[in-house]
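In: sequence and computational prediction follow.
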Amino acid sequence: MKEEFPQTAAPAPGNRPSRPQVGEAPARPLPLEPWEGPAILLVDLDAFFASVEQLDHPAWRGKPVIVGGDADKHGVVSTASYEARPYGVRSAMPSSTARRLCPDAVWTHGRFDRYREVSNAIMAILRSETPHVQQVSIDEAFLDITPTAVNREHPVRVAQRIQRRVEELGVTCSIGAGTSKTIAKIASDMDKPRGLTVVYPGSERDFLAPLPVRAMSGIGASAEEKLRSRGIRTLGQLADADLRMLERVFGKLGRVMHVRANGGDDAPVEQDDAVKSVSNEMTFATDLTRREDVEAAIATMAAKVGRRLRRKGLRGRTLALRVKFDDLSVRSVQRQLPQPSDDELAYTPLLYAMVDEVWRPGTPLRLIGVGMSGFAEEGAVQESLFDVAEAAPSADDVEPVVRDERKRRGLIEATDLVKDRFGEAAVRFGHELRNEGNTTGSSSKNPADYK
DNA sequence: TCTGGGGTCCTAGGACCC
DNA sequence: TCTGGGGTCCTAGGACCC
């Protein structure tokens, strides 16, 4: 979850309903102005992971709750409940800092299967309101609820009903409503938790003008600094800036940010699309220096990636390795496989060779990551050697290389079955067995992981 | 205080082909 | 023998998001 930006905009008059406390009756009806043109909502679940923990642990309600990694293992805060925020605790903050700021907080690692479950129930509510839902993460989704000839319901009424229905599940959400994804997204950040911020058609530029450039999605620390050095601090200044200068400095992004600052974003709410890459990373509590430890870590992550690929029915052609050193600098290598694979026993040796290109034994390694991309087009998934072997009349009829492939495949599938029944820790190959207990713990909000 | 893990997209340069 | 421009693929790195 990203930091809320400082709220420099004056509240737009009449746009905010008075917010009831949790458990009170919903907001009194807003006086509604007519709505012309597209209507987009951004629904953002409030402090989602922490809220689920409070839902499941009644004793934690009303208390500061922090979901995150261990302070003594390079961990960071994933989510802080609203009770923890007055202490200064924020998402992405090092856990050691958070512990100092709020030593009495309830501290917990994530239970991601549970968050996924609650998220899925909420996304089902959203899809019951409209088929035009774009889930952007585990706790956020865009909805296109543009009034049609069939359904003339006012967008604000839809948003209020969604808030009620979500609260029936025991968590809360904030919603931004506007004529574009850019506007809806920024509006949703204006008032949290349980806020509903409405930007009526025609008022986009006035709404955006006083906000800091960082409020716009796509402008991060680097772009903010480049803009600041050119005297551009607000979205109003960005809207008035010279387009050619922006294109020169930012390339494609320059035009995009200029259009959006002028309220002109027309990006559609898109159906959720296919996964493009699958990866696993691991940060170590103590840096690795020995080759055998590095290979063991690579093998572990290669196995996790392989298993996720098989579960999703994906085979990738592009294999990637990423390392981070103790100064936090990063290097990466990628290689094309001769054919798409989902089998770590086939590609792990290649990873061992690749690591030599970016690391020498003895140099401390803080993180190792393994990823796969370049998936075959849908319907064009290549027949594996194993399938060929299956089709052969007998094992004696297939080439030795194919028999090897078949043995490997059989072994992989057997271990997947055991892991399905008894959990990931139940089966490990010998080369995966090092580095136990030397990792941070993790979190992901990527939608691809929640389906 | 000292910075996670899961992703997406863009850029720039080089290889290769026509 | 020396030269073009465009397209595509690949690679490494970086910005950005939640």
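Out: Okay, I see it. Keep in mind that this is a model prediction, so the values were computed, not measured.
In: and DNA strand C, is stretch A:140-147 touching that?
Out: Yes: interface with DNA strand C: stretch A:140-147 contributes A:E140 (Cβ under 7 Å from any atom of the strand). To be clear about C-beta, it is placed using only N, CA and C from the backbone, and glycine gets the same treatment.
In: I would like the residues contacting that stretch, please.
Out: Outside stretch A:140-147, the residues within contact range by Cβ atoms under 8 Å, 6 or more residues apart in numbering are A:35, A:37-45, A:123, A:126, A:129-130, A:132-136, A:153-155, A:158, A:162, A:181, A:184-185, A:268-269.
In: same thing with stretch A:289-308?
Out: A:278-282, A:284, A:288, A:321, A:342-345, A:347-348, A:351-352, A:355, A:359, A:361-365, A:368-372, A:412, A:416, A:419, A:424, A:428-429, A:431-435.
In: now the contacts of stretch A:140-147: which count as buried?
Out: A:35, A:38-45, A:123, A:126, A:129, A:132-136, A:154-155, A:158, A:162, A:181, A:184-185, A:269 (16 or more other Cβ atoms under 10 Å).
In: and those near DNA strand C, which?
Out: Near DNA strand C, by the rule Cβ under 7 Å from any atom of the strand, you find A:136, A:185 out of those.
In: which of the three states applies to A:S279?
Out: Here A:S279 is strand, with the state taken from DSSP: H, G, I helix; E, B strand; the rest coil.
In: any idea how far it is from A:G220?
Out: Applying Cβ to Cβ, to the nearest Å, the value for A:S279 to A:G220 is 21 Å.
In: shaky segments in chain A?
Out: Within chain A, the segments meeting pLDDT under 70 span A:1-30, A:377-403, A:423-425, A:430, A:433-436, A:441-451.
In: ok, A:S279 and A:G220, which is more surrounded?
Out: Higher neighbour count among A:S279 and A:G220: A:S279, with 15 against 11, using other Cβ atoms under 10 Å.
In: give me the subset of the contacts of stretch A:140-147 lying in helices.
Out: Judged by DSSP state H, the subset of these located in helices is A:123, A:126, A:129, A:155, A:158, A:162, A:181, A:184-185.
In: and of those residues, the nearest to DNA strand B?
Out: A:K181 (13.7 Å; Cβ to the nearest atom of the strand).
In: dump the residue contacts of the closest one.
Out: Taking Cβ under 8 Å, 6+ apart as the test, what A:K181 contacts is A:40, A:42, A:142, A:265, A:267, A:269.
In: can you rerun that using 6 Å?
Out: By Cβ atoms under 6 Å, 6 or more residues apart in numbering, the contact set of A:K181 is A:40, A:142, A:267.
In: do the same with A:I232
Out: A:238, A:241.
In: can you give me phi and psi for it?
Out: Reported as degrees, to the nearest 10, the phi and psi values for A:I232 are phi -110, psi 110.
In: tell me the domain boundaries of chain A?
Out: For chain A, automatic domain parsing gives the domain ranges A:33-180, A:203-272, A:277-440.
In: where along the stretch 201-350 of chain A do the helices fall?
Out: Applying DSSP state H, counting those that start in this stretch to the stretch 201-350 of chain A gives helices spanning A:204-208, A:221-228, A:235-240, A:243-250, A:252-261, A:291-312, A:344-355.
In: and A:P94, which of those helices is closest to it?
Out: Minimum separation from A:P94 across the helices of the stretch 201-350 of chain A (Cβ to Cβ) falls at helix A:221-228, 16.7 Å.
In: how far off centre is the closest one?
Out: Distance of helix A:221-228 from the chain centroid (Cα atoms, centre = their mean, to the nearest Å) equals 23 Å.
In: please name the bridge partners of A:L143.
Out: A:L41, A:V133 (DSSP bridges).
In: now do the SS call for A:G369.
Out: Here A:G369 is recorded as strand under three-state DSSP.
In: how close does it sit to DNA strand B?
Out: 6 Å (Cβ to the nearest atom of the strand, to the nearest Å).
In: list the contacts of that residue.
Out: A:279, A:281, A:322.
In: equivalent analysis for A:G316, please.
Out: By Cβ under 6 Å, 6+ apart, A:G316 lies in contact with A:340, A:372-375.
In: and A:S373, by the same measure?
Out: The contact partners of A:S373, by Cβ under 6 Å, 6+ apart, come to A:277, A:316, A:318.
In: what's the neighbour count on A:R61?
Out: By other Cβ under 10 Å, 14 other residues sit near A:R61.
In: how about the secondary structure of the closest residue to it other than its chain neighbours?
Out: Distance criterion Cβ to Cβ, 6 or more residues apart in numbering; nearest residue to A:R61, sequence neighbours excluded, is A:Q54 at 4.8 Å. Assigned by three-state DSSP, the conformation of A:Q54 is helix.
In: quick one: A:Q54 and A:V65, what's the gap?
Out: A:Q54 sits 6 Å away from A:V65 when distances are taken as Cβ to Cβ.
In: those two: which has the busier surroundings?
Out: Comparing A:Q54 with A:V65 by other Cβ under 10 Å, the one with more neighbours is A:V65, at 27 against 21.
In: show me the contacts for the more buried one.
Out: Going by Cβ under 6 Å, 6+ apart, A:V65 touches A:50, A:53-54, A:81, A:106.
In: could you list which of these also contact DNA strand B?
Out: Among those, not one lies near DNA strand B by Cβ under 7 Å from any atom of the strand.
In: scan these and report the most crowded one.
Out: That'd be A:A50 among the contacts of A:V65, by other Cβ under 10 Å, with 29 neighbours.
In: in three-state terms, label that residue for me.
Out: What three-state DSSP gives for A:A50 is helix.
In: now it: closest residue in space that isn't a chain neighbour?
Out: In space, A:A50 is closest to A:S81, 3.7 Å off (Cβ to Cβ, 6+ apart).
In: check the contacts of A:V65 against A:R310 and report the nearest one.
Out: Ranked by distance to A:R310 (Cβ to Cβ), these are led by A:E53 at 31.1 Å.
In: state the distance from that closest one to A:S78.
Out: Look at A:E53 and A:S78: by Cβ to Cβ, they are 11 Å apart.
In: ok, now A:D56?
Out: Note on A:D56: its distance to A:S78, by Cβ to Cβ, is 16 Å.
In: and these two? Which one has more around it.
Out: With neighbours defined as other Cβ under 10 Å, A:D56 and A:S78 compare such that A:S78 has more, 25 against 12.
In: is the host helix or strand of that one positioned near DNA strand B?
Out: In the assignment (DSSP states H and E), A:S78 maps to strand A:77-80. Yes: using Cβ under 7 Å from any atom of the strand, strand A:77-80 reaches DNA strand B at A:S78.
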